[in-house]
Every structure is written in C-alpha cells, then in structure tokens.
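*Asks:* sequence plus the predicted model coming up.
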Amino acid sequence: MTQMKTDPRILRTRKLIMDAFFELSKKKEFKDMTIKDITSEATVNRATFYYHFMDKYDLMEKVLIEDLMLNVNNEIAEHDELNQETIVSIFLSVTNFQKSLSTKCRRSFEAFRTTIEAIILKELQDIFYQLLLKQQSPVSDHSQRIAAVMLSWGIYGASVDWQDNSTIPPEEYITLALPYITHGAKFLSSD
C-alpha cells in the first residue's frame, strides 16, 4: 500500500502558523494571544487555522512537541543504546530546547512551563523506553517502563535545576552527575 504524500502547501501553511505563534510569543503573553492575533500574524484566515489546529492550546502543544522532538531526535539519532553518551546528548538537547524557548518566548515561558514539563516528560519517557527495548535485556516490560519514567524525570529535573540554579555549562553539569546516574547506589557506597 502506498503512503499518501502531504501537499507541500499544507506543510508550509502549518509552519507559517507555528512561526507566527513563536513571533507573537515574543510580544505577548500566551493568555493574551487570540486566534485573530495568530491568523493576522500568519496571514491566514480562521478556517485555515482551524483546519490545522483545534485551538491555541493545541497549537502551543504541537509547536513544543515538534520543536523538542526535532532537536532531541537530531541529537540522539546515532545512538542505538542507552549509555553515558546518550544520556549526555539527551540532557544537552533538553537544556538547549529550554534555553532556546525561554529566549524566544521569554514573556510566555512561565505560562508554558507546566505544558512544557508534561511534553518533555512524555517524549523523554518514550525515547528512554525505546532505547531500553533495543537493548533486549531479560528485564520485564513493566520494569523497563518504570526505568524510562525515572530516567525521564531525572533528566528533566536536572535540566530545570541547571537552568534555575547552575552557573556551570550544561556539559559540565551532566558530567558531574553521570557516575550517580549510571552506577546509582553502587557509586555512592564506593566513596
């Protein structure tokens, strides 16, 4: 069965709306943005907007997911297994995404924070779970899901701590944490 190709005009229009949303985010708080503001900035009509998105919350979620996933997937594309290098790549990708978003959308970043957190955690959990599945360990599926949840929260929590409290580069920050992440309690007891 052949897969239908998406019309390039549809992709361009979708990108136009998403770019308009980012531009407006620099000027207005999310709560103050209207569909009219977005469609005016994108130079499309309301019907076109609603063809692509249910509302401004759906638009925000899609923008965040697509931007995050593009960055994360590009960063870890060559990683086939969960190891220190993969963890560093994922952490740096998340911190770069958050830094970029807080710079691009400074006025609305706090309004997005809860949504950003939920999106990042879900996407990271999926990434870690897929990486754990590739390793084909004898561990149960349930254990792999739990590990994926723990890793996603750990990486996200560390990225928030780095953003809010750290003065060192993210590469140095994650390097300091790697022994604890990869060796856990064994590393703590060997000190």
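*Replies:* Yes, it's here.
*Asks:* could you pull out the helices for the chain?
*Replies:* Under the criterion DSSP state H, helices of the chain are mapped to 8-27, 35-42, 46-52, 56-76, 84-104, 109-134, 141-165, 170-189.
*Asks:* ok, and the closest non-adjacent residue to Lys99?
*Replies:* Gln163 (7.0 Å; C-beta to C-beta, 6 or more residues apart in numbering). Glycine gets a C-beta too; all of them are placed from N, C-alpha and C.
*Asks:* so which of the helices of the chain is the most surrounded?
*Replies:* Of all the helices of the chain, helix 84-104 has the most neighbours on average by mean count of other C-beta atoms under 10 Å, namely a mean of 19.
*Asks:* counting by contacts, list what that helix packs against.
*Replies:* Contact partners of helix 84-104 among helices and strands, from 3 or more C-beta pairs under 8 Å, 6 or more residues apart in numbering; DSSP states H and E: helix 8-27, helix 56-76, helix 109-134, helix 141-165, helix 170-189.
*Asks:* TSV for these, including mean pLDDT and distance to Ser100?
*Replies:* Formatted as TSV, those follow (pLDDT from 0 to 100; distance: least, C-beta to C-beta, whole Å):
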stretch	mean pLDDT	distance to Ser100
helix 8-27	88	10
helix 56-76	78	8
helix 109-134	82	11
helix 141-165	90	11
helix 170-189	76	12
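*Asks:* just put the ones you listed in a markdown table and tack on distance to Asp37.
*Replies:* Below are the helices and strands packed on helix 84-104 laid out as a markdown table (distance: least, C-beta to C-beta, whole Å):
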| stretch | distance to Asp37 |
| --- | --- |
| helix 8-27 | 6 |
| helix 56-76 | 9 |
| helix 109-134 | 15 |
| helix 141-165 | 28 |
| helix 170-189 | 34 |
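*Asks:* quick one: closest of those to Asn83.
*Replies:* Shortest distance between Asn83 and the helices and strands packed on helix 84-104, using C-beta to C-beta, is found for helix 170-189: 8.0 Å.
*Asks:* dump that closest one to CSV, keeping only the CA atoms.
*Replies:* These are the backbone C-alpha positions of helix 170-189, laid out as CSV (Å, rounded to 0.1, in the frame of the first residue of the first chain):
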residue,chain,number,x,y,z
PRO,A,170,25.4,22.1,30.9
GLU,A,171,28.1,19.7,29.7
GLU,A,172,30.0,20.1,33.0
TYR,A,173,26.8,19.8,35.0
ILE,A,174,25.7,16.5,33.4
THR,A,175,29.3,15.1,33.6
LEU,A,176,29.3,15.7,37.4
ALA,A,177,26.0,13.7,37.7
LEU,A,178,26.9,10.8,35.3
PRO,A,179,28.5,8.5,37.8
TYR,A,180,25.4,8.6,40.0
ILE,A,181,23.1,8.1,37.0
THR,A,182,25.0,5.2,35.6
HIS,A,183,26.1,3.5,38.7
GLY,A,184,23.5,4.6,41.2
ALA,A,185,23.8,3.3,44.8
LYS,A,186,27.0,1.3,43.9
PHE,A,187,28.8,4.6,43.2
LEU,A,188,27.6,6.2,46.5
SER,A,189,28.8,3.2,48.5
